[in-house]
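**Student:** here is my input; please provide its structure:
(2 chains)
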Number of protein chains: 2
Amino acid sequence: MNQSERLDRTFAALTDPSRRAILARLEREEQGATVSDLAKPLPIKMPAVMKHLDVLDGAGLITRTKEGRVVTVRLAPRPMREAMAWLRRYERFWTASLDRLTALAEARETELRKAGK
Amino acid sequence: MNQSERLDRTFAALTDPSRRAILARLEREEQGATVSDLAKPLPIKMPAVMKHLDVLDGAGLITRTKEGRVVTVRLAPRPMREAMAWLRRYERFWTASLDRLTALAEARETELRKAGK
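**Tutor:** A predicted model of the protein is given here:
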């Protein structure tokens, strides 16, 4: 898989609130979580949860290990790093917009102060 | 649209190499680019380009303005900011992994130095 295909998969995996909720939960569970723990707070049925886990696994965003009947799911956030690196190049745009807003607010304040006294 | 729906749309819009190429191109074009300029380097036909622009527009990632027959496309990166904020919480994971790697490399170097002399 090349970088572009990896980005396709990562962004596609993030395109669902249940999958994002699973990742957010795993972010807080240092030791991982079982499939049934992950399923509990979600408003979807177990087969749907399993499908979401397959998508996350396919994108390399989780690992699953089985001990007896219990499957433990852990976060593998590495692909998100690449996704974030891709997004980062746009950062200068919103930083620039914020700078403009700040300058505007300051100019307005100076004006108001002059008008007041 | 709530935040979760906005994230769905943004990530979905980023799930395609042509759409990412269009955004990357617009990132370099301060004054925006015409639709035909954007289409030129892409390995897809004009109707496909138009569909991609619709998706990007629907996600709020571009703006289109028409003057006569010429449509100028500009980047509207704001939704990417939210997507990046969502990804950022995972940053501590890869930072932690890098720290572990650095520590490992340093420990190995110390060991090799001891063994050498």
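**Student:** neighbours of A:Gly60, just the number please.
**Tutor:** Per other C-beta atoms under 10 Å in any protein chain shown, the neighbour tally for A:Gly60 reads 17. (Glycine included, C-beta is placed from N, CA and C.)
**Student:** ok so it is a strand residue?
**Tutor:** No - in this structure, A:Gly60 is coil, not part of a strand, as judged by DSSP: H, G, I helix; E, B strand; the rest coil.
**Student:** in which helix or strand would I find the closest residue to it other than its chain neighbours?
**Tutor:** Counting by C-beta to C-beta, 6 or more residues apart in numbering or on different chains, the nearest residue to A:Gly60 once its immediate chain neighbours are dropped is A:Pro79, at 5.0 Å. For A:Pro79, the host element (DSSP states H and E) is helix A:78-88.
**Student:** cool, and A:Arg64?
**Tutor:** In this structure, A:Arg64 sits in strand A:62-67 according to DSSP H and E.
**Student:** tell me the angle the helix or strand just after that strand makes with strand A:62-67.
**Tutor:** Toward the C-terminus, strand A:62-67 is succeeded by strand A:70-75 as the next helix or strand (DSSP H and E). Between strand A:70-75 and strand A:62-67, the angle comes out at 160 degrees (axes from the mean of the first three to the mean of the last three C-alpha atoms, to 10 degrees).
**Student:** list the buried residues for strand A:70-75?
**Tutor:** In terms of neighbour count (16 or more other C-beta atoms under 10 Å in any protein chain shown), strand A:70-75 has its buried residues at A:71-73, A:75.
**Student:** give me the subset of those that also touch chain B.
**Tutor:** Taking C-beta under 8 Å from any C-beta of the partner chain as the test, chain B is in contact with A:Leu75 out of the buried residues of strand A:70-75.
**Student:** doesn't A:Val49 make contact with A:Ser18?
**Tutor:** Yes - A:Ser18 lies in contact with A:Val49 (C-beta atoms under 8 Å); the separation is 7.5 Å.
**Student:** who in chain A is up against chain B?
**Tutor:** So chain A meets chain B at A:4, A:7-8, A:11-12, A:14-17, A:20, A:23-24, A:27, A:75, A:77-78, A:80-81, A:83-84, A:86-91, A:93-94, A:97 (C-beta under 8 Å from any C-beta).
**Student:** if any of these are buried, put those into a PyMOL selection.
**Tutor:** Here is the PyMOL command that picks out the buried ones among these, judged by 16+ other C-beta under 10 Å:
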select buried, chain A and resi 7+8+11+12+14+15+16+17+20+23+75+77+80+81+83+84+86+87+90+93
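**Student:** identify the residues contacting stretch A:55-69?
**Tutor:** A:6, A:9-10, A:12-13, A:16, A:19, A:22-23, A:26, A:32, A:53, A:71-80 (C-beta atoms under 8 Å, 6 or more residues apart in numbering or on different chains).
**Student:** rerun that using 6 Å as the cut-off
**Tutor:** By C-beta atoms under 6 Å, 6 or more residues apart in numbering or on different chains, the residues outside stretch A:55-69 that reach it are A:9-10, A:13, A:19, A:71-74, A:76, A:79.
**Student:** could you dump the residues you listed to a markdown table with pLDDT?
**Tutor:** Listed next are these as a markdown table, based on pLDDT from 0 to 100:
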| residue | pLDDT |
| --- | --- |
| A:Arg9 | 96 |
| A:Thr10 | 97 |
| A:Ala13 | 97 |
| A:Arg19 | 97 |
| A:Val71 | 95 |
| A:Thr72 | 96 |
| A:Val73 | 97 |
| A:Arg74 | 96 |
| A:Ala76 | 92 |
| A:Pro79 | 92 |
